[in-house]
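Q: take a look and give me a structure for this.
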Amino acid sequence: MNYGPRIETVRDKMKKEDVTSLFVTNTTNVRYLCGFTGSNGSLLLGADGAHFFSDGRYKTQAGEQVEGADVSIYGTPNEFGEGVRKQLGTEPSKVAFEASHVSVLKSPQSGDGRPSLEELETHFEGHELVPSKGWVEDVRKVKDADELRLIKSAAELADAGFAHIVEQIEVGKTEHELALDLEFFMRKSGADGVSFELIVAAGERSALPHARPTDKVVEKGRYLLFDLGCKLDGYCSDLTRTVIIGPADDRHREIYDLVLKAEEASLAEIRSGVTGVDIDKIARDIISEAGYGEDFSHGLGHGVGLDVHEEPRLSRISTDTLQVGNVVTVEPGIYLAGWGGVRIEDLVFVGAEGPEVASAAPKELMIL
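A: Numbering: from 1, shown residues only. This next block holds a predicted model:
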């Protein structure tokens with residue numbers, strides 16, 4: 001990974017906001033800027049240099065992973081504070097911190113891994129603390145070539161996972177059994193892990209957008225929904241397919257074909273300069289005009305990268321405009337309580353000329 005351009009882009013933001021330093025504590029943002037994958041690390045980004053801090057547990061790991069920053073290992077919070085102040089110097093300066101990753105609890109033992117505001121005020125004594133929001137996340141929206149390669153590989157593995165699990169479906173198997181089989185296959189095939197807790201939803205439970213696997217069994221004449229993704233070198237994929245355990249009736253076909261129509265119509269308009277609201281509206285209008293608007297209960301899609309849910313967003317309340325290098329999902333759905341639901345989701349790269357679909361799993365109606 002080439003971390004230099006990422007850091008320089010963040011520094012440009014720092015200059016515009018007239019701050020001397022940025023203290024990065026969000027673990028995903030720390031990884032993005034210097035490569036460290038541990039659970040306790042922070043990065044003090046200055047106008048000219050960068051300094052990484054962690055505790056003794058990560059001495060070896062930090063030495064192996066951190067790039068583009070000097071490394072300090074501390075034993076106590078006081079040592080950490082001394083190290084920070086040493087890097088900043090004695091002249092008062094403005095230090096931005098990631099406000100959404102700071103706890104308002106006074107106790108440093110809050111248990112959520114975030115520093116407390118009280119701690120920051122102690123460690124940065126003599127300097128002005130300035131809250132910031134989304135500075136690194138804004139840079140993360142646009143993926144570089146290395147990131148796109150990893151996401152593409154993760155998408156290919158998710159496709160392989162779906163192809164595998166389709167062959168394992170049997171009436172009477174439980175959601176739990178299928179989810180475990182699917183996760184094991186992807187891990188065995190090289191995944192770091194799953195992007196999120198896999199969703200396997202049978203029958204009427206397919207109408208739950210965020211269903212989690214249970215002992216519900218696969219039944220004939222019902223939908224079976226899979227929402228799956230994996231991580232490769234930290235980068236995520238996200239894929240949803242819905243199949244029918246035959247026989248299928250006219251209503252099954254109607255709902256499936258409608259969701260597929262909405263998905264393909266909105267996907268075709270993915271390109272730089274189009275807003276998240278506009279893309280969402282394409283799918284939502286198709287579903288609403290067919291009388292199922294109230295049954296499409298979530299946004300159309302979201303960004304994917306080191307996190308499986310990140311910016312930009314495709315929704316009715318999105319403030320994002322797509323750019324070349326964004327990676328987003330397109331995933332309309334219709335959910336009919338007590339009966340079942342359909343969601344179809346592809347992972348898409350925003351190219352200069354339009355969408356580059358990373359997902360290759362078949363979307364035609366599968367009746368098993």
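Q: is the residue positioned nearest the centre of the chain in a helix, a strand, or coil?
A: Closest residue to the average C-alpha location of the chain: Val308 at 1.9 Å, with C-alpha atoms, centre = their mean. Recorded secondary structure, Val308: coil (DSSP: H, G, I helix; E, B strand; the rest coil).
Q: thought Cys230 was touching it, still the case?
A: No. Val308 is not in contact with Cys230 according to C-beta atoms under 8 Å; the separation is 9.9 Å. From N, CA and C alone the C-beta is placed, and that goes for glycine too.
Q: contact partners for the residue nearest to the centre of the chain?
A: 195-196, 229, 236, 238 (C-beta atoms under 8 Å, 6 or more residues apart in numbering).
Q: may I see those residues organised as JSON lines, with distance to Gly89 added?
A: Shown next, in JSON lines, are the contacts of Val308 (distance: C-beta to C-beta, whole Å):
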{"residue": "Ser195", "distance to Gly89": "42"}
{"residue": "Phe196", "distance to Gly89": "43"}
{"residue": "Gly229", "distance to Gly89": "45"}
{"residue": "Cys236", "distance to Gly89": "39"}
{"residue": "Asp238", "distance to Gly89": "44"}
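Q: and which of these is nearest to Tyr3?
A: Cys236 (19.3 Å; C-beta to C-beta).
Q: how about the helices in this structure?
A: 4-16, 27-34, 59-65, 77-88, 117-123, 135-140, 145-168, 175-188, 250-267, 276-289 (DSSP state H).
Q: most tightly surrounded among those helices?
A: Scoring these by mean neighbour count under mean count of other C-beta atoms under 10 Å gives helix 27-34 as the most buried, with a mean of 23.
Q: chain center to it: distance?
A: Offset of helix 27-34 from its chain centre (C-alpha atoms, centre = their mean, to the nearest Å): 14 Å.
Q: low-confidence bits of this structure, can you list those?
A: Along the chain, the parts satisfying pLDDT under 70 run over 105-113.
Q: how is it carved up into domains?
A: For the chain, the domain assignment from automatic domain parsing gives the residue ranges 4-140, 145-357.
Q: turn these into CSV, including distance to Met366.
A: Shown next, in CSV, are the domains of the chain (distance: least, C-beta to C-beta, whole Å):
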stretch, distance to Met366
domain 4-140, 35
domain 145-357, 4
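Q: Leu365: which of these is closest?
A: Shortest distance between Leu365 and the domains of the chain, using C-beta to C-beta, is found for domain 145-357: 5.3 Å.
Q: so how far does that closest one reach from one end to the other?
A: This stretch, domain 145-357, spans 16 Å end to end (C-alpha to C-alpha, to the nearest Å).
Q: from the middle of its chain, how far away would that domain be?
A: Domain 145-357 sits 13 Å away from the centroid of its parent chain (C-alpha atoms, centre = their mean).
Q: from Glu167, how far out is the spatially closest residue to Val243 that is not a sequence neighbour?
A: Excluding the flanking residues, the one nearest Val243 by C-beta to C-beta, 6 or more residues apart in numbering is Met366, at 4.4 Å. Separation of Met366 from Glu167 (C-beta to C-beta, to the nearest Å): 12 Å.
Q: sorry, back to before: mind listing which of the contacts of Val308 are in strands?
A: Using DSSP state E, Cys236 are the members of the contacts of Val308 that sit in strands.
Q: dump the contacts of Val308 to a markdown table, plus neighbour count.
A: Listed next are the contacts of Val308 as a markdown table, based on neighbours: other C-beta atoms under 10 Å:
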| residue | neighbour count |
| --- | --- |
| Ser195 | 25 |
| Phe196 | 17 |
| Gly229 | 26 |
| Cys236 | 27 |
| Asp238 | 28 |
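Q: which one among the contacts of Val308 gets closest to Asp146?
A: Ranked by distance to Asp146 (C-beta to C-beta), the contacts of Val308 are led by Cys236 at 14.7 Å.
Q: so what's the closest one up against?
A: Counting by C-beta under 8 Å, 6+ apart, Cys236 makes contact with 151, 154, 195, 229-230, 304-308.
Q: circling back: which neighbours do Val308 and Cys230 have in common?
A: Joint contacts of Val308 and Cys230 (C-beta under 8 Å, 6+ apart) are 195, 236.
Q: residues in contact with Leu232?
A: Counting by C-beta under 8 Å, 6+ apart, Leu232 makes contact with 150, 153-154, 157, 190-192.
Q: can I get these in a markdown table with distance to Val171?
A: Formatted as a markdown table, the contacts of Leu232 follow (distance: C-beta to C-beta, whole Å):
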| residue | distance to Val171 |
| --- | --- |
| Leu150 | 37 |
| Ser153 | 34 |
| Ala154 | 31 |
| Leu157 | 27 |
| Gly190 | 31 |
| Ala191 | 28 |
| Asp192 | 33 |
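Q: doesn't Ala201 make contact with Ala211?
A: Yes. The pair Ala211 and Ala201 passes the contact test of C-beta under 8 Å, sitting 3.8 Å apart.
Q: the two - which one has more neighbours?
A: Between Ala211 and Ala201, Ala201 has the larger neighbour count (other C-beta atoms under 10 Å), namely 27 against 19.
Q: please verify my assumption that that one contacts Leu225.
A: Yes. Using C-beta under 8 Å, Ala201 makes contact with Leu225 at a distance of 4.5 Å.
Q: intersection of neighbour lists for these two?
A: 211, 341.
Q: shared neighbours, Ala211 and Ala201?
A: Common neighbours of Ala211 and Ala201, using C-beta under 8 Å, 6+ apart, are Leu225.
Q: how about stretch 222-236, which residues are buried there?
A: By neighbour count on 16 or more other C-beta atoms under 10 Å, the buried set for stretch 222-236 is 222-232, 234-236.
Q: same deal with stretch 51-60?
A: Neighbour-count burial for stretch 51-60 flags 51-55, 58 (criterion: 16+ other C-beta under 10 Å).
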